[in-house]
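[1] Let's see this in three dimensions:
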Amino acid sequence: MRETLLDLLVAPGSFNALTLEHASRSNGEINAGILTDGDAHRFPITDGIPRFVRTDDSGQIQTADSFGFKWGRRDSYDDGAMAVTSRAWQLERYGMSSSQELRDVFASHELVLDAGCGSAFSSSLWLDEGWTGEWVGADISSAVDVARDRIGALPGTQFVQADVLDLPFADGTFGAVFTEGVLHHTPSTERAFHSVARLLRPGGELFAYIYRKKSAVREFTDDHVREQLTSLTPEEAWEALRPLTALGQALAELKADVVVPEDVSLLGIPAGTYDVQRLIYWHFAKLFWNPDWTFEENHHINFDWYHPTYAHRHTEAEIRQWCADAGLEVIRLHDEEPAAYTLRARRPR
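    Numbering: from 1, shown residues only. The predicted model follows:
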């Protein structure tokens, strides 16, 4: 970590100032040491990353282990095919014409937090050698080390291991907070929302992707599968889910359409013509399959959904209320896909 990161960090919870002790440095960076506050709390710096995680919530620990495992499997997302699709999808959701436009928006805020960065996959879709601001990636899991390995050579990048519900930053620290598919993977999406919203400066912007509630049968199936998997280790769950991904592949390869002649309101299914795999995917069970991706890439998406203990789903009304409660103006709330809402909101100046 660079010395400049010390200027941003405070003790989580108390927000007391931190003092660096027993520092080990090389090449102008801090590799190891201890951060202490006035209340005798001690937070280690190891491998150049300050570590602040102190949760005892078993569900959150399981969720962190799940994502640490998933992002550690770089063969399941890092060969480029997933990035191509994900980049286009990200730009569509945020209403941007190019990655350059999105990068320029973040750069205009100068200091950006990726809250729940994982391996920095979502940020890496727009963050590259042209980046001119400061970017801090924070994640509760070991994925933060993967993020450092993936993008740590880019200028202006820093890394912190911390819980989104217990972040080591004072109110109003950041010009922008980017949190893609993270807040709903905590004990409380609403608390997580407010935990990151407080970090915005006047004029600062929040960029978030939050799961939405699905059709009744899909909601039941999601919970049913998750309940069977959360007690398994990540390795066991990865293997247990393979037949589910294979079923998604088999359904997609049928290349058959189903016409739903009128709204099936009792099941929450709108009228229309559906590919059979997508009809089942959206309304009965998440059996993700993209024919342009490898089996492992598709499997990564299904594991991401089913294994973590926490994967809350929400309504548009809830999200708008959270923004109002936090004093944020909604700039954009993309609701054109059944999976989630994509939010861009601003703290007034």
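[2] count of neighbours near the closest residue to P348 other than its chain neighbours?
    Nearest in space to P348, with sequence neighbours left out and distances taken as CB to CB, 6 or more residues apart in numbering, is E329 at 6.0 Å. All C-beta atoms are positioned from the backbone trio N, CA, C, and that covers glycine. By the criterion of other CB atoms under 10 Å, E329 has 12 neighbours.
[3] Let me see the ranges of the strands in the stretch 201-349 of the chain.
    257-260, 272-275, 329-334, 340-346 (DSSP state E, counting those that start in this stretch).
[4] ends of stretch 302-321, how far apart?
    From its first residue to its last, stretch 302-321 covers 30 Å (CA to CA, to the nearest Å).
[5] And it, what's buried?
    302-314, 318-320 (16 or more other CB atoms under 10 Å).
[6] do stretch 250-257 as well
    251-252.
[7] now it: mean pLDDT?
    Average pLDDT, stretch 250-257: 98.
[8] which one is E235 nearest to, not counting chain neighbours?
    In this structure, E235 finds its nearest non-sequential neighbour in F69, 7.1 Å apart by CB to CB, 6+ apart.
[9] Am I right that the one you found is in a helix?
    Yes - assessed by DSSP: H, G, I helix; E, B strand; the rest coil, F69 belongs to a helix.
[10] ok, it - contacts?
    234-235, 238 (CB atoms under 8 Å, 6 or more residues apart in numbering).
[11] So which of those wins on neighbours?
    Neighbour counts for the contacts of F69 (other CB under 10 Å) peak at W238, which has 22 neighbours.
[12] And that one, what's its pLDDT?
    W238 carries a pLDDT score of 98 in this model.
[13] repeat for A40
    On the pLDDT scale, A40 gets 85.
[14] residues near it, how many?
    With other CB under 10 Å as criterion, A40 counts 6.
[15] now stretch 312-320, how far from the centre of its chain.
    Here stretch 312-320 is found 17 Å from its chain centre; the criterion is CA atoms, centre = their mean, to the nearest Å.
[16] Contacts made by that stretch with the rest, please.
    184, 188-190, 210-214, 219, 330, 333, 335, 341, 343.
[17] Which two of the buried residues of stretch 302-321 have the greatest separation?
    Spatial extent of the buried residues of stretch 302-321 (CB to CB) is set by the pair F303 and R320 at 30.9 Å.
[18] Deepest in the core, which of the strands of the stretch 201-349 of the chain is it.
    Each of those was scored by mean neighbour count; the highest is strand 340-346, a mean of 22, by mean count of other CB atoms under 10 Å.
[19] Disregarding residues adjacent in the polypeptide, which is nearest to W289?
    Nearest to W289 is G248, by CB to CB, 6+ apart, at 3.8 Å.
[20] likewise A32?
    Per CB to CB, 6+ apart, closest to A32 is S24, 4.2 Å.
[21] Phi, psi for that neighbour please.
    The phi and psi torsions at S24 (degrees, to the nearest 10) take the values phi -120, psi 130.
[22] Can you read off the pLDDT for it?
    S24 carries a pLDDT value of 96.
[23] circling back: looking at the contacts of stretch 312-320, spot the one nearest I61.
    The nearest member of those to I61, counting by CB to CB, is S188 at 15.6 Å.
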